[in-house]
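Novice: need a structure here:
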Amino acid sequence: MIRVMFFVEGFTDIRLVVGLAEICDLTMIVPARQYAESGLRDRVAASGARLRVIEIPGGRIAYQIRSLVKLWRAIDHFDVVLSQEVLRGSANATLVGRLRGVPVVTYMSISPLEYFRCRRERGQIGPLVAATGEAVIAALMHWSGRLATRCVSGPYLRDEVASRYCPRSSVCQYYGVDTERFVPASEGERRELRRRLDLPAEKFIVFFASRVSHEKDPETVLRAVSLARSRGLDAVVMNLGGGFREFLSLARELGLPDSDQWVIGRPAAHPITEVADYFRAADAVAQASLAEGLGLSPLEALACGTPVVATAVGGMKVELPGYARLTPRRDHEAMARELLWIAAHREEARAQAMRGRAFVCANWSRRRAFDTLRRALEEVVEGRRAGRSHPRVHAEPAR
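Specialist: Numbers count the residues shown, from 1 in each chain. Model (predicted):
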């Protein structure tokens, strides 16, 4: 197995960590505070995955300096560095990799500028901070793109974002969807899941699976469900995650009638062992976003044969036509209409979702994702051994 240093600048997903540990000899460098606070430390320990973890203490500036020193001292022990995203952490990784002659593969799962602009749209930052932040982000993306051996990302991000900064970009499906765990449930199984998960048995359950953050649009989902209820649909909406209390508070702040009776918020479920059952128990998944890189939650829903309503932005606009009910950005009336359509045309909606499952199995399975990532890592290692600083990219064409 090739020796891989996975360099993390913030939070990352246990599904990616476990999959990486299966395809390489893995060492992960992480910021200690985020590693503990996110629960990833406990999840890694419980997973049984074989890897080494190096925790670096300190805030952003301290981590930036200490991680640079650690990279410089340790990088020669690895065949390749996989660096999370394309900003602060990758600035360090690509610089040290270029100076020490070790290939660095960056992965992009979000569009940094699009996501940052959502803060300005929400009024969280002023015009000066927005302009300064955009300039810094663009500079870091150019830096990483110029120095990285390769950048991997989903089809939308490769075509629309990554290739503008790194011409050596190829498609990878991040951690993909475990299509052996995310599977359709029969009506009997769904009733039993609702009983076991303590979910209302007879309600129309809408699952908003995303975290509550600046690039997501929980307001539209809440307003859409409220409107659908006013038109006769006996619906509830559910959110799981570290921000579930914000989700509950947001419903109250929006002044939605009787929201305490139909808005459900719970702590995060384990993404490998637990969350699939919530997708399987739901009647529909609503994914509203202001910006979106990959949209893996809708793909997980489709793998379960659960109908999806999603905003036509980013990767969802590219991946979901024909498989999900797409709506305009911030249009809660359109989302409510689609939820009502799903409730009134359950067999047709289910059939559409099952076509989506076939699409996910063919294009976004976990196996395909890690096979693709393994090949990308091996290619850059082979390029280094052959004396090529930038090995040829075998790019997957856009679908």
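Novice: name the residues of stretch 184-194 that are buried.
Specialist: Within stretch 184-194, the residues scored as buried using 16 or more other Cβ atoms under 10 Å are 184, 185, 190, 193, 194. Heads up, the C-betas are built off the backbone N, CA and C, glycines and all.
Novice: for that stretch, what is the average pLDDT?
Specialist: Throughout stretch 184-194, pLDDT has a mean value of 96.
Novice: likewise stretch 144-153?
Specialist: Computed over stretch 144-153, the average pLDDT equals 96.
Novice: list the contacts of it.
Specialist: Stretch 144-153 is contacted by residues 80, 83, 86-87, 90-91, 94-95, 97-98, 103-109, 158, 161-162, 164-172, 293, 372-373, 376, 379-380, 383, 389-391, 393 when judged by Cβ atoms under 8 Å, 6 or more residues apart in numbering.
Novice: show me the beta-bridge partners of residue 51.
Specialist: Taking DSSP bridges, one finds residue 26 as the beta-bridge partners of residue 51.
Novice: need the contact list for it.
Specialist: Per Cβ under 8 Å, 6+ apart, neighbours of residue 51: 17, 20, 21, 26, 27, 28, 44.
Novice: coming back round to it: which among the contacts of stretch 144-153 end up buried?
Specialist: By 16+ other Cβ under 10 Å, those give 80, 83, 86-87, 90-91, 94-95, 97-98, 103-109, 158, 161-162, 165-166, 168-172, 293, 372-373, 376, 379-380, 383, 391, 393 as buried.
Novice: in helices only, show me the residues you listed.
Specialist: 90-91, 94-95, 97-98, 165, 372-373, 376, 379-380, 383 (DSSP state H).
Novice: reformat those residues as TSV; add pLDDT and distance to residue 305.
Specialist: What follows is these, written out as TSV (pLDDT from 0 to 100; distance: Cβ to Cβ, whole Å):
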residue	pLDDT	distance to residue 305
90	95	37
91	95	42
94	97	42
95	96	46
97	96	43
98	95	47
165	95	37
372	96	25
373	97	27
376	96	31
379	95	35
380	95	38
383	83	41
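Novice: residue contacts, the closest residue in space to residue 97 that isn't next to it in sequence?
Specialist: Among residues not flanking residue 97 along the chain, residue 104 sits closest, at 3.7 Å (Cβ to Cβ, 6 or more residues apart in numbering). With contact set as Cβ under 8 Å, 6+ apart, residue 104 has these partners: 80, 81, 82, 83, 90, 93, 94, 97, 98, 147, 148, 149.
Novice: before we move on, the earlier item: for the buried residues of stretch 184-194, which one is nearest residue 48?
Specialist: Using Cβ to Cβ, residue 193 comes nearest to residue 48 of these, at 25.9 Å.
Novice: thought residue 88 was touching residue 60?
Specialist: Yes. With contact defined as Cβ atoms under 8 Å, residue 88 reaches residue 60; the gap is 7.4 Å.
Novice: what about the two, which has more around it?
Specialist: residue 88 (20 against 11; other Cβ atoms under 10 Å).
Novice: with adjacent residues omitted, what lies nearest to the more buried one?
Specialist: Closest to residue 88 by Cβ to Cβ, 6+ apart is residue 9, at 5.4 Å.
Novice: pLDDT score assigned to the one you found?
Specialist: 89.
Novice: follow-up on the earlier one: now the buried residues of stretch 184-194 in a markdown table, with secondary structure and distance to residue 283?
Specialist: Below are the buried residues of stretch 184-194 laid out as a markdown table (DSSP: H, G, I helix; E, B strand; the rest coil; distance: Cβ to Cβ, whole Å):
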| residue | secondary structure | distance to residue 283 |
| --- | --- | --- |
| 184 | coil | 13 |
| 185 | coil | 11 |
| 190 | helix | 9 |
| 193 | helix | 12 |
| 194 | helix | 10 |
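Novice: now tabulate the residues you listed in JSON lines and tack on distance to residue 242.
Specialist: As requested, these are exported to JSON lines (distance: Cβ to Cβ, whole Å):
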{"residue": "184", "distance to residue 242": "28"}
{"residue": "185", "distance to residue 242": "26"}
{"residue": "190", "distance to residue 242": "27"}
{"residue": "193", "distance to residue 242": "23"}
{"residue": "194", "distance to residue 242": "24"}
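Novice: show me which pair in these is furthest apart.
Specialist: Maximum distance among those (Cβ to Cβ): 15.2 Å, for 184 and 194.
Novice: what do residue 88 and residue 60 both touch?
Specialist: By Cβ under 8 Å, 6+ apart, no residue touches both residue 88 and residue 60.
Novice: where in the chain is pLDDT low?
Specialist: 388-399 (pLDDT under 70).
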